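K.L.:
what would the 3D arrangement of this be:
(2 chains)
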Amino acid sequence: MRKLLTRRSLITSAALGAGGLLSGCDALSRSPGFQNILASAEDANFLVQRALGDRMELASEYAIADLSPKFRANGTRDPGTPDYTASAAQGFADWQLRFTGLFTKPQNFSLSALQSMPQRTQITRHDCVEGWSAIGQWTGVPLKLLLDLAQLQGKAKFLVFHCADRLGGRPYYESIDLLDAFHPQTIMAHRLNGEAVPVENGAPLRLRVERQLGYKHAKYVTGIEAVATLDNIGSGKGGYWEDVADYEWYAGI
Amino acid sequence: MKIEMIETPQDKPVRHRLTTRFWHWINALCLLVLIMSGLTIFNAHPRLYWGEYGAVGDYAWAAVGSSETLGYVRVGETKIETTGFIGNWRDGNGKIQTWAFPGWATIPSYYSLAEGRRWHFFFAWVFSVGLAFFMIRSLFNRHVQRDLHIAREEWRPSHIWQDVKNHMRLRFPAPGTVNIYNILQKLSYIGVIFILLPLMIFTGLAMSPAMDANWPLLTDMFGGRQSARSIHFIGMFLLLVFFIVHMVTLLLAGPFKQTWAMISGGKREGAGYA
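P.N.:
Numbers count the residues shown, from 1 in each chain, chains lettered A, B, ... in the order given. Predicted coordinates:
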């Protein structure tokens, strides 16, 4: 009997301990200092993952037979602004991709200009931070070709992708560093599975940055800004989800 | 000659060495945090697939269904209602939530994918470095060879069957009568330490798009990213089963003595049954 009681008290205290632990975890989770400690592991992920490859390692590419039956859309399904809707109505003939910021030759590219440049087609797997994946065939201009034309200034460290869509009233944007910017699979895609990119997947132009998670692949891209620091863009964390929900800027894992 | 005279501090006949004890408790913390933060991450997309791709619209071999009135788990074509527990549960304020796993099982207890991922990756590093260190150390200090080596006679089906029967009847030797782990213990410890735990690390890494570029074989080995994610989840489930069995045997073998042995080292002649 004595033993039973001690076991019962043990279980009770374990349950209480677990409860305390849980609220403790929540308190820790909300504390900025502790968040920084936890986030240090993400820095380690970044450094190790960048060190492991030859830095230009390609993401896996697949065959037509591997395509997802339907490429899932997430986030904004339609920017729905008057400008966007008007542009969509004429097949985005007036769409401009503006290069601004730290470029020696800042310039604009129309959709048709982009389409007449050398293209890259790749069948890749899109991995969402939520856990799902979809395989799609993307065609677009390698970003490197555009950067060679606009010519980055020496001070430039990041590229910021400005988008036509707003989520919760804030403009969507994303950013990548120059290593990913010059990666051969980093393209400004205008075709998905052999057709013009559908509106829900980011028409007419979507960034593909294949070694990172889905939220980095900015949709409805209207401009690329070269900057030395991300501090002055949005809330300074380098992207919409980074600003709003604390997602990591580096999304390699 | 008194035996104490030839003992050096390292040879002190404790049942659990300092490295084993230290690793055990680090691991206990990691396991708890990794499972609970992993469930937060799972809640973002409570569906599991086989192959490379899988999203809403594709066939999920397992999924959690949620609504304001009903929660269920579907595995294959079998649906199990889990209202009140999974897919439909009340939070601390009595409000109905339709996230898959309930707040008491996740870190943080509210839904935040970003925070869940931070907890998960931080403790994944601690766990991985700890496991690598423990594996190397316990090979060099002969913990593996000494305590987990399975002798030929232990492989005899009759021996294994006898041990199964002993476990089923909850018939354990009295503490202080045996020095070694029994065959089922050895098999489960070897299975967990050398198969299941590394599998968790590798299936975890296989889900990373950057690792896929660095080491494509890793994802291929498991049959694709979504398969790796499914195996990661099943592995978590097996670890949970191990943990429960571990706790039951601990309770049966004397929780205080055994737990204290894992803290202080204990005496070598006591049998570890947990």
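
K.L.:
going by C-alpha atoms from here, please, whenever you check contacts or count neighbours.
P.N.:
Noted.

K.L.:
how many neighbours does residue 207 have?
P.N.:
The chain I'm using is chain A. By other CA atoms under 10 Å in any protein chain shown, 23 other residues sit near residue A:207.

K.L.:
can you look at chain B instead?
P.N.:
Per other CA under 10 Å, the neighbour tally for residue B:207 reads 24.

K.L.:
what sits closest to it if chain neighbours are left out?
P.N.:
Leaving aside its sequence neighbours, residue B:207 sits nearest to residue B:225 (CA to CA, 6 or more residues apart in numbering or on different chains; 5.3 Å).

K.L.:
quick one: contacts for that neighbour?
P.N.:
By CA atoms under 8 Å, 6 or more residues apart in numbering or on different chains, the contact set of residue B:225 is A:133, B:51, B:52, B:53, B:206, B:207, B:219.

K.L.:
CSV please, covering those residues and showing pLDDT, distance to residue B:33 and secondary structure.
P.N.:
Shown next, in CSV, are the contacts of residue B:225 (pLDDT from 0 to 100; distance: CA to CA, whole Å; DSSP: H, G, I helix; E, B strand; the rest coil):
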residue, pLDDT, distance to residue B:33, secondary structure
A:133, 98, 25, strand
B:51, 97, 28, coil
B:52, 97, 28, coil
B:53, 97, 28, coil
B:206, 97, 20, helix
B:207, 97, 19, coil
B:219, 95, 25, helix
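
K.L.:
closest to residue A:40 among the residues you listed?
P.N.:
Closest approach between these and residue A:40, by CA to CA: residue B:207, at 20.0 Å.

K.L.:
I'd assumed residue B:220 was in contact with that closest one.
P.N.:
No - counting by CA atoms under 8 Å, residue B:207 does not reach residue B:220; the two are 10.8 Å apart.

K.L.:
ok so, going back, let's have the contacts of residue B:225 in JSON lines, adding distance to residue B:90.
P.N.:
Conversion of the contacts of residue B:225 to JSON lines gives the following (distance: CA to CA, whole Å):
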{"residue": "A:133", "distance to residue B:90": "31"}
{"residue": "B:51", "distance to residue B:90": "34"}
{"residue": "B:52", "distance to residue B:90": "35"}
{"residue": "B:53", "distance to residue B:90": "33"}
{"residue": "B:206", "distance to residue B:90": "34"}
{"residue": "B:207", "distance to residue B:90": "31"}
{"residue": "B:219", "distance to residue B:90": "38"}
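
K.L.:
what's the closest of those residues to residue A:90?
P.N.:
Nearest to residue A:90 among the contacts of residue B:225: residue A:133, at 31.7 Å, using CA to CA.

K.L.:
residues contacting the closest one?
P.N.:
Counting by CA under 8 Å, 6+ apart, residue A:133 makes contact with A:125, A:126, A:127, B:52, B:53, B:54, B:55, B:225, B:226.

K.L.:
give me that answer again for 10 Å
P.N.:
A:68, A:71-72, A:125-127, A:213-214, B:49, B:51-56, B:207, B:225-226 (CA atoms under 10 Å, 6 or more residues apart in numbering or on different chains).

K.L.:
from those residues, list the buried ones, please.
P.N.:
By neighbour count, with 16 or more other CA atoms under 10 Å in any protein chain shown, the contacts of residue A:133 hold A:68, A:71-72, A:125-127, A:213-214, B:49, B:51-55, B:207, B:225-226 as buried.

K.L.:
got phi/psi on residue A:63?
P.N.:
Residue A:63 adopts backbone torsions of phi -100, psi 160, taken as degrees, to the nearest 10.

K.L.:
check it and give its pLDDT.
P.N.:
On the pLDDT scale, residue A:63 is placed at 97.

K.L.:
please name the nearest non-neighbouring residue to it.
P.N.:
Looking at residue A:63 with CA to CA, 6+ apart, the closest residue is residue A:123, at 6.7 Å.

K.L.:
if anything else comes up later, I'll come back, but that's it for now.
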